[in-house]
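Trainee: Let's see this in three dimensions:
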Amino acid sequence: MSIVPSLFGGRSSSVFDPFSLDVWDPFKDFPISSWSDVSRETSALVNARVDWKETPEAHVFKADLPGMKKEEVKVEVEAGNILQITGERNVEKEDKNDKWHRVERSSGKFTRRFRLPENAKMDEVKAAMENGVLTITVPKEEVKKPDVKSIEISV
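Mentor: Reported below is the predicted structural model:
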């Protein structure tokens, strides 16, 4: 995670991550008088949480997207080693006879973007969705060990 607080409520960390594109939201803790003040479009899935870990072989991303189908999510790679995850959860159809007591599930569009290091094999990205968890695996190039040449020392 970056030193800048995450708009998406990521784990707090004092480690600077130059690859994170998370943006600080100055209005994060701003009080809202009622949920009717916030449109469902803007409530979106801003709480789509993503974990990013690096293993010796790959960068692995896990995004919690409960209730979403793989057809509602798009994973793309852009020039400059940018991984982008986008999707949309549609608003549940309302019936005139329904009386809502609480609306906590978010709907709308979301986008998460991550800048990957140069060693990422962007042409070999794989994604899978299981039980509302999107897993994206970005293999890493093997680190070449520098060739070491012995030099004979003369007298």
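Trainee: So which residues of the protein form helices?
Mentor: 40-43 (DSSP state H).
Trainee: can you list the weak-confidence ranges in it?
Mentor: Within the chain, the set of residues satisfying pLDDT under 70 comprises 1-47.
Trainee: end to end, how far does stretch 100-111 reach?
Mentor: Stretch 100-111 has its terminal residues 28 Å apart, counting by CA to CA, to the nearest Å.
Trainee: Please point out which parts of it sit buried.
Mentor: Buried residues in stretch 100-111, counted by 16 or more other CB atoms under 10 Å: 106, 108, 110. Placement of C-beta: from N, CA and C, glycine included.
Trainee: mind listing which of these are in strands?
Mentor: 108, 110 (DSSP state E).
Trainee: In TSV, list the buried residues of stretch 100-111 along with distance to Val73.
Mentor: Below are the buried residues of stretch 100-111 laid out as TSV (distance: CB to CB, whole Å):
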residue	distance to Val73
Ser106	15
Gly108	14
Phe110	9
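Trainee: Give me the distance between the closest residue to Glu141 other than its chain neighbours and Ser107.
Mentor: Distances taken as CB to CB, 6 or more residues apart in numbering place Asn119 nearest to Glu141, at 4.8 Å, with adjacent residues excluded. The spacing between Asn119 and Ser107, counted by CB to CB, to the nearest Å, is 37 Å.
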